[in-house]
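Novice: Any chance you can model this:
(chains A and B)
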2 protein chains.
Amino acid sequence: MRVVITGGGGFIGSRVARALLARGKLTAPDGGEREITRLVLLDAAFPAGSPEDRRVEAVTGDVAERAVVERAVTPDTASVFHLAAVVSGAAEADFDLGMRANLEGTRVLLERLRQCARPARMVFASSVAAFGGELPPVLDDSTTPMPQTSYGTQKVVSEYLISDYSRKGFVDGRSLRLPTIVVRPGKPNAAASSFASGILREPLNGVVSECPVDAGTEVWLLSPRRVVEAFVHAHELPAQAWGTRRVVNLPGITATVAEMVEALGRVAGAAASKRVVWKPDARIQAIVRTWPGRFETPRALAMGFRADPDVETVIRDYIADEAIKPA
Amino acid sequence: MRVVITGGGGFIGSRVARALLARGKLTAPDGGEREITRLVLLDAAFPAGSPEDRRVEAVTGDVAERAVVERAVTPDTASVFHLAAVVSGAAEADFDLGMRANLEGTRVLLERLRQCARPARMVFASSVAAFGGELPPVLDDSTTPMPQTSYGTQKVVSEYLISDYSRKGFVDGRSLRLPTIVVRPGKPNAAASSFASGILREPLNGVVSECPVDAGTEVWLLSPRRVVEAFVHAHELPAQAWGTRRVVNLPGITATVAEMVEALGRVAGAAASKRVVWKPDARIQAIVRTWPGRFETPRALAMGFRADPDVETVIRDYIADEAIKPA
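Specialist: Numbering: from 1, shown residues only, chains lettered A, B, ... in the order given. Alright, predicted model coming up:
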């Protein structure tokens, strides 16, 4: 079977790719388990060290460009993991860029998927940025999305379109509202949430990290391990498990920035935690303040999704997965 | 000031036009009250008897076509009432048509409004069709939209886009979730809600009306008088009255189809109510069943929107406004 990952060159996309290659099989639209014979990674660019495997085909291009999507998503495509996106800070700074990548990209993909021989399973990376404005202290499955960023709006709009395309039988869609993913390896990026990984990652590498938000800022977080599991699990669940609700808030854990820095100290020593310096940034604060920090996620838990046990485990898993030698 | 009504040739649009012409003034983007010097009605077609007034300019064309929208919405436009839409039954039967008119139309309009000299006030006709799926017995301002029709999806997506364009300061948008409008004059149309007017209108004209839904079906309804008032009121409220929530569920009244037919009998006699014949239609039932019948609307009431007192008044107002002589 043919499987496509948009954003397949990115941080999460490349890890989902590795997990699928290791797994070797997925449930096909007919409900049977099939070998993954072709794994197409669609992205604007691919870093060095992308997976080399005879099953992998890289398609370089813009996810909002029809010709590019048609090349990646052939009518025999069985599954799509849709992760390509312009991150929150960039979509806020450049409205047109965000609308094109995050909304038009989803629309072009959905239209292409309508042409598939059988409705493809589609797992979409939505975000906790769906929520904002006046929020209850603890959000739950009934909380109405009210995004306060363009990124969040584009994610929510994509969710609604995927739900309607699913209702019509054009695709078999499943949208996951991702917590902030911590620890994200590599360099800081334009996501407003970039600091949440930076304050753990940089000190582990012996580098000072500037934290742009208050120590008391709560982050709703999930590790790379758990989010990759969530994508595969969301794909494998039968359509009946989703019913008419094609969106789910993923489980996560709540930690303040201060608690994250303390956990870092316990794992890697006080020298590491002292490498976090506090440097408030009003623009980042304004975006992050609109994000919720506490959830109850009974639906996701009942569906079999799971969170990390605690921040220390998240840090230890990062050190193991990325073969870090703490400085 | 220049004011544009998309769908200005339609049932509600033409009545909003008449109300604005009679009123003569509206609040401009600078907060001051200004004369309406130009009222542009944009629609695919205009019925005979459209308002003749030196201030009125009719633009005939497709609301999803950029050139048409650019002709109607010049950069000096101060206000837009966005009512153009493909109705629910038609958008369900022809998915592409609905996406184009109801989603692409809103996007083209929003992009054009970004070019206005000052952010224009924009009042959008959304719908109670935003809601569906598993619903509480009584919906309120916190109920999450979960449309079960493509029409409802396109309305919700438009709401989210209008809210984000408003947050960015590109427009000053206000979305109204309209109840089913009763009594709609003229002929039955492709809206799944068409019966709700038909069972009152046709019998008053001495014509038999087939009711496609059960007598116990609850309808959440508002009269043409009140909805025209609501559009003007939504426009005139200052931006602060909306805050970050740019969408409101309008007030209405709940009546079962049986109660509507009984009210018809009290107003126009038993002969009229006997002209309703019951002929269930599974397709219509399936759509209408997804719509909610009962709401609490404290936010709208606090903002000064109002409902009709009862169904009899709705019928009497229709008879007066349309100069009907009950058969």
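
Novice: Any idea how many residues pack against A:S126?
Specialist: 25 (other CB atoms under 10 Å in any protein chain shown). Yep, even glycine has a C-beta here, placed from its N, CA and C like the rest.

Novice: that's a strand at it, yeah?
Specialist: Yes. Counting by DSSP: H, G, I helix; E, B strand; the rest coil, A:S126 is located in a strand.

Novice: Show me the beta-bridge partners of it.
Specialist: A:R177 (DSSP bridges).

Novice: pLDDT score for it?
Specialist: As predicted, A:S126 sits at a pLDDT of 98.

Novice: Show me which residues of the stretch 201-327 of chain A sit near chain B.
Specialist: With CB under 8 Å from any CB of the partner chain as the criterion, the stretch 201-327 of chain A meets chain B at residues A:244-245.

Novice: low-confidence ranges in the stretch 201-327 of chain A?
Specialist: Within the stretch 201-327 of chain A, no stretch has pLDDT under 70.

Novice: So which residues of it form strands?
Specialist: According to DSSP state E, counting those that start in this stretch, the stretch 201-327 of chain A carries its strands in the segments A:209-211, A:218-222, A:247-249, A:253-256, A:276-278.

Novice: Please work out which residues outside the third one touch it.
Specialist: Spelled out, that is strand A:247-249. The contact list for strand A:247-249 (CB atoms under 8 Å, 6 or more residues apart in numbering or on different chains) reads A:126, A:128, A:139-141, A:159, A:163, A:174-177, A:234, A:242, A:295, A:297, A:299-300, A:303, A:305.

Novice: Drop anything exposed from these.
Specialist: Buried subset of the contacts of strand A:247-249 (neighbour count, 16 or more other CB atoms under 10 Å in any protein chain shown): A:126, A:128, A:139, A:159, A:163, A:174-177, A:234, A:242, A:295, A:297, A:299-300, A:303, A:305.

Novice: Can you flag which of those belong to helices?
Specialist: A:159, A:163, A:234, A:242, A:299-300 (DSSP state H).

Novice: Determine which two of the residues you listed are furthest apart.
Specialist: Maximum pairwise distance among those (CB to CB): 16.5 Å, between A:S163 and A:A300.

Novice: Return the residues in contact with A:A268.
Specialist: Taking CB under 8 Å, 6+ apart, we find A:A268 in contact with A:203-204, A:315, A:326.

Novice: Put the buried members of the residues you listed into a PyMOL selection.
Specialist: Per 16+ other CB under 10 Å, the buried members of those correspond to this PyMOL selection:
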select buried, chain A and resi 203+204+315
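
Novice: And the contacts of A:A268, which is closest to B:G133?
Specialist: A:I315 (39.9 Å).

Novice: How much space separates the residue nearest to that closest one when sequence neighbours are not counted from chain B?
Specialist: Leaving aside its chain neighbours, A:I315 sits nearest to A:V267 (4.7 Å; criterion: CB to CB, 6 or more residues apart in numbering or on different chains). Distance from A:V267 to chain B, counting by CB to the nearest CB, to the nearest Å: 39 Å.

Novice: Isn't A:V267 up against A:D317?
Specialist: No. The pair A:V267 and A:D317 does not pass the contact test of CB atoms under 8 Å, sitting 10.7 Å apart.

Novice: Settle it for me: which of those two has more neighbours?
Specialist: Neighbour count, other CB under 10 Å: between A:V267 and A:D317, A:V267 has more, with 20 against 16.

Novice: ok, the more buried one - contacts?
Specialist: A:V267 sits next to A:312, A:315-316, A:319, A:326 when contact means CB under 8 Å, 6+ apart.

Novice: do that again at 7 Å, thanks
Specialist: Contact analysis of A:V267 by CB atoms under 7 Å, 6 or more residues apart in numbering or on different chains lists A:312, A:315-316.

Novice: do A:D281 as well
Specialist: A:P212.

Novice: what about the closest residue to A:P251 other than its chain neighbours, how many residues close to it?
Specialist: Once flanking residues are discounted, A:P251 sits nearest to A:A307: 3.8 Å by CB to CB, 6+ apart. Neighbour count for A:A307, taken as other CB under 10 Å: 22.

Novice: re earlier: mean neighbour count added to the strands of the stretch 201-327 of chain A, as JSON lines?
Specialist: Compiled in JSON lines, the strands of the stretch 201-327 of chain A are given as follows (neighbours: other CB atoms under 10 Å in any protein chain shown):
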{"stretch": "strand A:209-211", "mean neighbour count": "19"}
{"stretch": "strand A:218-222", "mean neighbour count": "24"}
{"stretch": "strand A:247-249", "mean neighbour count": "24"}
{"stretch": "strand A:253-256", "mean neighbour count": "20"}
{"stretch": "strand A:276-278", "mean neighbour count": "16"}
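
Novice: For B:L20, which of the ones you listed is the nearest?
Specialist: Between B:L20 and the strands of the stretch 201-327 of chain A, the tightest spacing by CB to CB is seen for strand A:247-249, at 39.5 Å.

Novice: can you list the residues that contact the helix or strand where A:Y151 lies?
Specialist: In this structure, A:Y151 is located in helix A:150-167 according to DSSP states H and E. Identification of contacts with helix A:150-167 by CB under 7 Å, 6+ apart yields A:88, A:91-92, A:95, A:98-99, A:102-103, A:106-107, A:110, A:122, A:124, A:126-127, A:129-130, A:132, A:145, A:147, A:171-173, A:175, A:246-247, B:148, B:150, B:153, B:156-157, B:160-161, B:164, B:168.

Novice: which of these are buried?
Specialist: Of the contacts of helix A:150-167, these count as buried by 16+ other CB under 10 Å: A:88, A:91-92, A:95, A:98-99, A:102-103, A:106-107, A:110, A:122, A:124, A:126-127, A:129-130, A:132, A:145, A:147, A:171-173, A:175, A:246-247, B:148, B:150, B:153, B:156-157, B:160-161, B:164.

Novice: Could you list the domains of chain A?
Specialist: If you go by automatic domain parsing, the domain ranges for chain A are A:2-178+A:223-249, A:194-219+A:253-321.

Novice: highest average neighbour count across those?
Specialist: Ranked by mean neighbour count, those are led by domain A:2-178+A:223-249 with a mean of 20 (mean count of other CB atoms under 10 Å in any protein chain shown).

Novice: now that one: how far from the chain's centre is it?
Specialist: From the chain centre to the centre of domain A:2-178+A:223-249 is a distance of 9 Å (CA atoms, centre = their mean, to the nearest Å).

Novice: now stretch A:292-305
Specialist: Between the centre of stretch A:292-305 and the centre of its chain there are 16 Å (CA atoms, centre = their mean).

Novice: That one: end-to-end distance?
Specialist: One end of stretch A:292-305 sits 20 Å from the other (CA to CA, to the nearest Å).

Novice: Repeat that for stretch A:211-218.
Specialist: Note: stretch A:211-218 ends 13 Å apart using CA to CA.

Novice: what's the answer for stretch A:78-88, then?
Specialist: First-to-last residue span, stretch A:78-88, CA to CA: 29 Å.

Novice: Would it count as contacting chain B?
Specialist: No. Against chain B, stretch A:78-88 shows no contacts by CB under 7 Å from any CB of the partner chain, the least distance being 12.9 Å.

Novice: Low-confidence stretches in the stretch 51-200 of chain A?
Specialist: Using pLDDT under 70, the stretch 51-200 of chain A drops low at A:51.

Novice: which parts of it sit against chain B?
Specialist: Close to chain B, as judged by CB under 7 Å from any CB, the stretch 51-200 of chain A has residues A:95, A:133, A:142, A:144, A:148, A:150, A:153, A:156-157, A:160-161, A:164, A:167-168.

Novice: Switch those over to JSON lines; also include distance to A:A258.
Specialist: JSON lines is the format used below for those (distance: CB to CB, whole Å):
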{"residue": "A:F95", "distance to A:A258": "34"}
{"residue": "A:G133", "distance to A:A258": "25"}
{"residue": "A:S142", "distance to A:A258": "30"}
{"residue": "A:T144", "distance to A:A258": "30"}
{"residue": "A:Q148", "distance to A:A258": "24"}
{"residue": "A:S150", "distance to A:A258": "30"}
{"residue": "A:T153", "distance to A:A258": "31"}
{"residue": "A:V156", "distance to A:A258": "30"}
{"residue": "A:V157", "distance to A:A258": "35"}
{"residue": "A:Y160", "distance to A:A258": "37"}
{"residue": "A:L161", "distance to A:A258": "39"}
{"residue": "A:D164", "distance to A:A258": "42"}
{"residue": "A:R167", "distance to A:A258": "44"}
{"residue": "A:K168", "distance to A:A258": "47"}
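
Novice: Right, I'll call it a day here.
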